[in-house]
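everything below, folded, please.
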Amino acid sequence: MKISRRSRSDAPVDPDALAAALGDDSAASRERVRAVLRDLTQQARGAGSKAVVSGRWLTDTTLRLAAHLPIRDRATLVAHHGGRTGPDLADALIRNAGRTSGGVGAVAGALIGGQELLPPSWVAVPFELAAETALVVALEMKLVAELHEALDQPVPATGAQRGLLVAQSWAEKRGVNPQDLVLGVGAADIFGRQARTALTIALRRRMTHRLGRSMAALIPLLAGAIAGAVLNRRATLAIGNTVAADLRRQHAIPGRVVPISA
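Take a look at the predicted model:
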C-alpha cells in the first residue's frame, strides 16, 4: 500500500496510529480510534478551554494532522476496492468514510456518555468532543484527497503543501483546481502568510460551527454514541458528495450522489 510518509516530529499523534484510526470500522479499529481520541483529548485539556472554545486548538491540530494523513494513490485505491475506478470508486470511498466517521462518533459518544455529565457540566466544552471533531475532520480531509486521486485529479503538491491544499478544499467544500495555482512560482507565493491567514480563519469558522452543532445535538439528547455516529456520518457523506460533484463538474464526469440515509 502506497501512502505518504512524513516527518513524525510535528505530528499531534503517531502517524501509524492515525492511519489505523482512519481505517475501516472494525472492532480492532475502534480500539485504535479510542486510543487516538484519548491522546487528542489530553492535548485539548492541556491547551485549555479558551483555546478549544475559540477554535484555535482545533485549527492548529487539524492542520498538523493534515500534513500526516495516510493518503493512498489511485492504484492502491483501485486495488483496495475490487478494481472499481472513476465515479464507482469515489462512491465507495464516500460510503466507507461515512461508516468510519460514524464509528468515530460512536466511540467518542460512548466516552463522553460514560462520564455521566450533569447538564451544568456542559457549559464547558467537553474536550472529548473537541478531540472527536479534530479526528473526524482529519478523516474528511483524507477522503477529500483520495477523491482527487480516484477521479484522476491528484492534488498537485506533496508534504505540508498538499496538506494545506487539502485543508483549503475541505474548508471551501470544493475540489482543488490546478488552474487556481500559479505554475512556476515558489511555494512562498502560493502559501504565503496572507493566504495561510485566510485559510486559518476559514478553518476556524467551520470547525467551531461543527463543534457547536455537535454540542447542540448532544446536550438535549444525552445519547452520545447514537447521536455522534449519526451526526458524523451525515457530515462526512455531505462533504464527500459535494467535493466529488465539484471534481466531476471540472472534468464533466457523470456520477451519482451517495444517499445520506444509506
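
where do the helices of the stretch 51-200 of the chain begin and end?
Counting by DSSP state H, counting those that start in this stretch, the segments of the stretch 51-200 of the chain that form helices are 56-66, 74-80, 86-113, 127-150, 159-172, 187-190, 193-221.

closest one to Ala35 among those helices?
Relative to Ala35, the nearest member of the helices of the stretch 51-200 of the chain by C-beta to C-beta is helix 86-113, separated by 10.0 Å. (Glycine included, C-beta is placed from N, CA and C.)

so that closest one versus helix 193-221, what angle?
60 degrees (axes from the mean of the first three to the mean of the last three C-alpha atoms, to 10 degrees).

and helix 86-113, average pLDDT?
Averaging pLDDT along helix 86-113 gives 87.

kindly report the same for stretch 48-68.
91.

which residues touch the closest residue to Met207 other than its chain neighbours?
Closest residue to Met207 in three dimensions, ignoring its sequence neighbours and counting by C-beta to C-beta, 6 or more residues apart in numbering: Leu58, at 4.4 Å. Taking C-beta atoms under 8 Å, 6 or more residues apart in numbering as the definition of contact, the neighbours of Leu58 are Val52, Ala130, Thr133, Ala134, Val137, Leu203, Arg204, Met207, Thr208, Leu211.

do you know how far Leu58 is from Val136?
Distance, Leu58 to Val136, using C-beta to C-beta, to the nearest Å: 11 Å.

check Leu199 too.
19 Å.

give me the more crowded residue out of the two.
When Leu199 and Val136 are compared on other C-beta atoms under 10 Å, the one with more neighbours turns out to be Val136, at 27 against 19.

how about the more buried one, what does it touch?
Ser101, Val104, Gly105, Asn232, Ala235, Thr236.

try Asp39
When contacts are taken as C-beta under 8 Å, 6+ apart, Asp39 is in contact with Pro12, Val13, Ala17.

can you select the buried ones from these in PyMOL?
Applied in PyMOL, the following selects the buried portion of the contacts of Asp39 according to 16 or more other C-beta atoms under 10 Å:
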select buried, resi 12+13
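
which ones among the contacts of Asp39 are found in helices?
Using DSSP state H, Ala17 are the members of the contacts of Asp39 that sit in helices.

local confidence estimate at Ala124?
What the model reports as pLDDT for Ala124 is 54.

same thing with Leu164?
89.

count the residues that sit near Arg249.
Arg249: 12 neighbours (other C-beta under 10 Å).

just want the angle from the helix or strand that contains it to helix 159-172.
Using DSSP states H and E, Arg249 falls within helix 224-251. For the pair helix 224-251 and helix 159-172, the angle between their directions (the same axes, to 10 degrees) equals 100 degrees.

what's the angle between helix 224-251 and helix 127-150?
With the same axes, to 10 degrees as the basis, helix 224-251 and helix 127-150 are set at 30 degrees to each other.

check which helices and strands helix 224-251 sits against.
Other helices and strands packing on helix 224-251, by 3 or more C-beta pairs under 8 Å, 6 or more residues apart in numbering; DSSP states H and E, are helix 86-113, helix 127-150, helix 159-172, helix 193-221.

gap between that helix and the chain center?
If you compare the mean C-alpha spot of helix 224-251 with that of the full chain, they lie 10 Å apart, counting by C-alpha atoms, centre = their mean, to the nearest Å.

so which bits of it are buried?
Neighbour counts using 16+ other C-beta under 10 Å place 224-248, 250 of helix 224-251 among the buried residues.

show the model's pLDDT score for Ala188.
At Ala188 the predicted local distance difference test score is 45.

ok, and the closest non-adjacent residue to Ala51?
That would be Trp57: by C-beta to C-beta, 6+ apart, it lies 4.2 Å from Ala51.

separation between that neighbour and Ala202?
Noted for Trp57: a distance of 17 Å to Ala202, by C-beta to C-beta.

compare the two (neighbour count), which wins?
Regarding Trp57 and Ala202, a neighbour count based on other C-beta under 10 Å identifies Trp57 as having more, with 26 against 16.

lovely, talk soon.
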